[in-house]
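Participant: Sequence and predicted structure are below.
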Amino acid sequence: MRELIRFIVIIVILFLLLLVAFGLFRLTPIVLPTCGVAVSSMLLALYLFRVHKIHGLNIHGTLARIITVRFDGQKLYWEPEESQIEVYAKTKLATFASIILGLTSVWLTLTIFYKKGAFNGIAGFSSNFNLAIGYLVSVTVVIITIVKSKPTETLTDSIWEQASYLVNQINTDLERIQELCSLETSIKSIAYQLKVSFPVDFKAEIQEFVGIHKSELLSGTTELNKLIERNIIRAEEDKLHLGKANNLYRAAMKLYTIVAIEVNWTGSMPLIKEMEYDYEGLVSENLKSLLQERKWDDFHDVVNEIMRDLQRLRDLAIKYQETGYKEETNGYKKEADEEKAYRIMEISPAASDEEITKAYRVLALNYHPDNAEQTTRGIKKLAEERFKEINWAYDFLKGIRNF
């Protein structure tokens, strides 16, 4: 503004000197106040328009139109958008109005001077000629003023500064977003263990809310924090359900491993095929889709049904092994203790003492009851029974081999 006033003063002085050079010094007391009134009215009009525009930024609906907001999963970021500020700062109408006001001021002022005879007898020229000179000088000053003031650029800079200031005052504190992020990470971890693509869409929902309710967020993030709170409740429920599903699924797979060993010992193709059918059920996409669709009860029902089938298969396999199909003249006959011990240890009678010890360590580690702590009570009992059998077989073979 100071530069503009200084420039206008210089232009006015130059015009006055020009008038003096042409012997029209007496026009100076007339042209000088005319230019002053015109320039003052124009600058006042532009100033009032700028104040109106800047004041309008305090209205949240207006401010929301010239800034962008984005959510990175943890914080909100507000930034003035240059293209929108330029649209908001259009001054064509204000510029046109200020020019009309300046020209009107010139016309009114010079008309008053003309009617009072101020232009009569100046430098030997007619009053109309002197009036025309006054118009020419004053209108030129008006045009130079509007060009030099650059109303659009000046208003754009002012709006940008005010918008930046208001953005810095916005409350963007998200109280429990870190807790939600932690829960989301836990859910993804459990889903990864289950090998399912569990939909975690909390951030997307929050981002959508931010995009729709940008104006409301300018006055505070209370509603957004309420949305985060609701998502935290949902996330906690999902984590709890997924955790239970994961424990049940791990127990089912552990039971399958135990049953697979038992069934394979029998060599019975019908039992093996039935066991493979159960395994296909455990790894099927249909079972995983129940988790993705949050059908927790259905998932538990299916897995529990598979576990009942596996336990039935194991009972059949153990019974098959204990009875055997040793064809004798009298039908069936129990295996000898030595043969049974080798079968339990999963080694051949030709195995060395070192191989027997190595096999025992592997089996004892696999079937130790501590490994079944997180499984169902039935599975833990099966593990204990198998562990006892392995210890018996190892002790028996140590006794007859003396190692």
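Facilitator: That came through, no problem. Residues are numbered from 1 along each chain as shown.
Participant: hey, let's count contacts and neighbours off CA atoms from now on
Facilitator: Noted.
Participant: Please compute how far stretch 210-230 lies from its chain's middle.
Facilitator: With C-alpha atoms, centre = their mean, to the nearest Å as the basis, stretch 210-230 stands 14 Å off its chain's centre.
Participant: got the contact list for it?
Facilitator: 60-61, 63-64, 69-71, 170-177, 180, 206, 209 (C-alpha atoms under 8 Å, 6 or more residues apart in numbering).
Participant: as a whole number, average confidence for the biggest helix by length in the chain?
Facilitator: Counting residues, the longest helix found in the chain (DSSP state H) is helix 222-266. Across helix 222-266, the average pLDDT comes to 90.
Participant: could I have the helix or strand following that helix exported to PDB, CA atoms only?
Facilitator: Downstream of helix 222-266, the next assigned helix or strand under DSSP states H and E is helix 269-283. This file holds the C-alpha atoms of helix 269-283, laid out as PDB (Å, rounded to 0.1, in the frame of the first residue of the first chain):
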ATOM      1  CA  MET A 269      -6.800 -96.200   2.900                       C
ATOM      2  CA  PRO A 270     -10.400 -95.500   4.000                       C
ATOM      3  CA  LEU A 271      -9.100 -93.800   7.200                       C
ATOM      4  CA  ILE A 272      -6.500 -91.900   5.300                       C
ATOM      5  CA  LYS A 273      -9.000 -90.700   2.700                       C
ATOM      6  CA  GLU A 274     -11.400 -89.500   5.400                       C
ATOM      7  CA  MET A 275      -8.500 -87.700   7.200                       C
ATOM      8  CA  GLU A 276      -7.600 -86.000   3.900                       C
ATOM      9  CA  TYR A 277     -11.200 -84.900   3.500                       C
ATOM     10  CA  ASP A 278     -11.100 -83.200   6.900                       C
ATOM     11  CA  TYR A 279      -7.900 -81.500   6.000                       C
ATOM     12  CA  GLU A 280      -9.500 -80.100   2.800                       C
ATOM     13  CA  GLY A 281     -12.200 -78.700   5.000                       C
ATOM     14  CA  LEU A 282      -9.700 -77.000   7.300                       C
ATOM     15  CA  VAL A 283      -7.800 -75.200   4.400                       C
END
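Participant: Buried residues, helix 269-283. List them.
Facilitator: Buried residues in helix 269-283, defined by neighbour count with 16 or more other C-alpha atoms under 10 Å: Leu271, Ile272, Met275, Asp278, Tyr279, Leu282.
Participant: want to throw those residues into TSV with distance to Ala351 and pLDDT?
Facilitator: What follows is the buried residues of helix 269-283, written out as TSV (distance: C-alpha to C-alpha, whole Å; pLDDT from 0 to 100):
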residue	distance to Ala351	pLDDT
Leu271	28	84
Ile272	27	84
Met275	29	85
Asp278	34	90
Tyr279	32	88
Leu282	36	90
